[in-house]
Structures are given as structure tokens and as C-alpha cells.
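S.K.: no sequence for this one, just the structure:
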């Protein structure tokens, strides 16, 4: 029987099918996409229709990438990124470790920069105040391990999806005619929707690795396929809603540091502007907690193997604070636009080489061979036992 490590009960359908997608969307939505900055960087340059195609293309790629990641994680019993890449790359896992740590530093810096810009835009506070608030929130949740972080994914999702639905309703009510007119624009696109959609996928698919701890809830390969397929729509449908609203002010909105704030001012509802900014902070919080938690789980597994005891909450807190302090300094130093424009595109190509291509070749071969071996041994249920 597959049981939950915390309370000894079988995983619920929510944990098996929806939790992975909600965890994955935390990484994709947080930072640039929640603020609208990634939409302006990767989708708007393709023009109105090209942006829609790029978003849908990225959605399909995310679902396929998550399915393969979850299946490979189950085939190799990998619940942390070090175990996963040891199975995928052999000795080359060290290269991934370096790339991953650098990328976590980058995305945490982006989240910090976004929190700083948000605090300034919403309350007129110095950027360092928003950065510090995010740092404290992330540290609080990651100190207490899997259960606290998973609860954050669940409750933050209610806030996030509800606010995005309201956002689209208000935007369409306020300037829906401009949205419709925007799709008839003759302004030539400067980007390639296939390339930009693939680039956006290439660096964000890292989220499938960050959320490996939730794979413990999957009880079969079927669960892995269903949960992975759901990841793409859960992560990208809010992006589609947001993108449609930005079309009303294309192309001038592309230069705004916080496109979300640009649109909220034109919606003209101060209470909703504040609510949306709270939602962005919540998205940053769950995204940052996800990234830091993955590092804690990596250290925790190594600690368990070497010492024979679990990593204590105090140690998790110290790791979280140490990692966050350096990242938040980068956030304050460089700013949101520069971090997203320069850092994300570079890492997209690196991740394509060290993760996506090996997963689609070595990983697929391993998944097929493991499935064949199970059938030959009698078709036993392929579960990861976590008790």
C-alpha cells in the first residue's frame, strides 16, 4: 500500500492529481509572470495572435515535460533533484547541481526584485522592505518541511485563481473593446512565437524538478501521466487571461516594469489593485518557498544518509536564511527587468542541454525499460512507498 509519510493514510485524489500542478504553477507564476514582466518579455513581442499561440505552445510543452519528469522520477524512485540527476546523467549530475544552484539564486533574486518593486508601487516603501518581508515569509514556511509547503500551495491557489478570474472580468468590462481591437492591429511582431514559447518552457520546466517531493503522493504511472498533463493548463491559463488584457495597450505596455500595475491603474478599482498586489506577493511567497524547499530536501536527504537522522527545523531555517540573504542582495542590486531579460534566456539554453534533451532520450529509454521490467515481473503496482 502507498501511504503518506506524515499521517499513514493513502494519498487523496487531490494529492495525486492536483497538488503537483498547483506546486508547479507556483514556480511558473511567481516572479515575472505574476507581475506581468515575463508576459511582456516573452509573449507580447510575438504580437497579439502570436502571443496566444506561444502561450498555448508552452502549455503543451509543460504538460509533456512534467509527464516525462514524473514518470522518470517514479521509475528511479527520485524524490529530490540530486537522486533524479544521478539516475539521468550519472557522474554528470554534478554539472546539474552547479546549474541548479545558480538558477535558484537567479529566480530567488527575481522574486526579491519583484517583491521590492511591489512594495514601492503599492505602498511607496523602499524596495528593501518588500524584499525583507518576502524573505521572512519564505523562511517561515520552509522551516517546517513538506506539510507546511504543501498547505501553502493549496491555500495560495484559491487566492491566485480567484483574483485572476476577477482581473479578467474587470479588464474586459473596462476596456474589452480595446482588447478586441488589439487583435486587429497591424503592428508587426518582433518575436517568433515558436522560439519564445519554447524558450519560456525551457527554463520554467525546472519547476518539475523543484516539486519532486510531491511525487511521493503518486501511486502509479497513470497518476504521473494525469498529474503531469494537468500541470500545463494550471500553470498557463492565468497567463492567457493576463495576456489578453495586455493586448488592449500593446505595444506601449511592453516597457512597463510592472505591467500588472499598469493595467490595474486603468481598471480603476483601488481596492482590487491592492488585492491583486497581495495576490502577487502570495505567488512570490509560494514560488520562493518551493525553490528553497527543494534545496532543503536535497540537503535533508544527504544528511539522512550520512547521519541517520532527519534534518531539524532549525537547520532548515538557517539554510533558508543563508540562501535567501545572498539572493535578495542580488535583487536589490540589479532589479527585475535586467534579471529577467538577461538571466532567464541564458539559463533556458543551459537547461535545454542538461535537462530537457537528456530527459527526452536517456529518460524515455529508462522509463520504457522500467515499464517493460514491471510487466515481465507480473505487473505489480509501481508505487513509491513513503512510510
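M.R.: Happy to help now that I have it. Since we're looking at a predicted model, the values are computed, not measured.
S.K.: so which residues of the stretch 51-200 of the chain form helices?
M.R.: For the stretch 51-200 of the chain, the helices defined by DSSP state H, counting those that start in this stretch occupy 81-89, 93-123, 127-142, 146-182, 193-204.
S.K.: can you list the weak-confidence ranges in the chain?
M.R.: 1-8, 30-33, 186, 328-344, 378-387 (pLDDT under 70).
S.K.: can we see that at 50?
M.R.: Along the chain, segments meeting pLDDT under 50 span 1-6, 385-387.
S.K.: indicate which one of the helices of the stretch 51-200 of the chain is closest to residue 17.
M.R.: helix 146-182 (13.1 Å; CB to CB). To be clear about C-beta, it is placed using only N, CA and C from the backbone, and glycine gets the same treatment.
S.K.: list the helices and strands the closest one packs on?
M.R.: The contact analysis (3 or more CB pairs under 8 Å, 6 or more residues apart in numbering; DSSP states H and E) places helix 146-182 against helix 19-29, helix 127-142, helix 221-246, helix 259-267, helix 270-307.
S.K.: residue 264 is in contact with residue 245, correct?
M.R.: No: proximity of residue 245 to residue 264 does not meet the contact threshold set by CB atoms under 8 Å, at 9.8 Å.
S.K.: comparing the two, which shows the higher neighbour count?
M.R.: residue 245 (29 against 25; other CB atoms under 10 Å).
S.K.: what about residue 36, neighbour count?
M.R.: 26.
S.K.: got the end-to-end distance for stretch 134-152?
M.R.: Start-to-end span of stretch 134-152 (CA to CA, to the nearest Å) is 14 Å.
S.K.: now that stretch: buried residues?
M.R.: Across stretch 134-152, burial judged by 16 or more other CB atoms under 10 Å covers 134-135, 137-139, 141-143, 145-146, 149-150, 152.
S.K.: check stretch 211-228 too.
M.R.: For stretch 211-228, by 16+ other CB under 10 Å, it's 211-219, 221, 223-228.
S.K.: from residue 243, how far off is residue 272?
M.R.: Distance from residue 272 to residue 243, counting by CB to CB, to the nearest Å: 19 Å.
S.K.: which one's more surrounded, the two?
M.R.: residue 243 (23 against 15).
S.K.: residues contacting the more buried one?
M.R.: Residue 243 makes contact with 39, 43, 44, 51, 52, 55 under the criterion CB atoms under 8 Å, 6 or more residues apart in numbering.
S.K.: out of these, which are buried?
M.R.: So, of those, 39, 43, 44, 51, 52, 55 end up buried under the neighbour-count rule (16+ other CB under 10 Å).
S.K.: let's have these in CSV, adding distance to residue 185.
M.R.: Shown next, in CSV, are those (distance: CB to CB, whole Å):
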residue, distance to residue 185
39, 17
43, 15
44, 11
51, 11
52, 13
55, 17
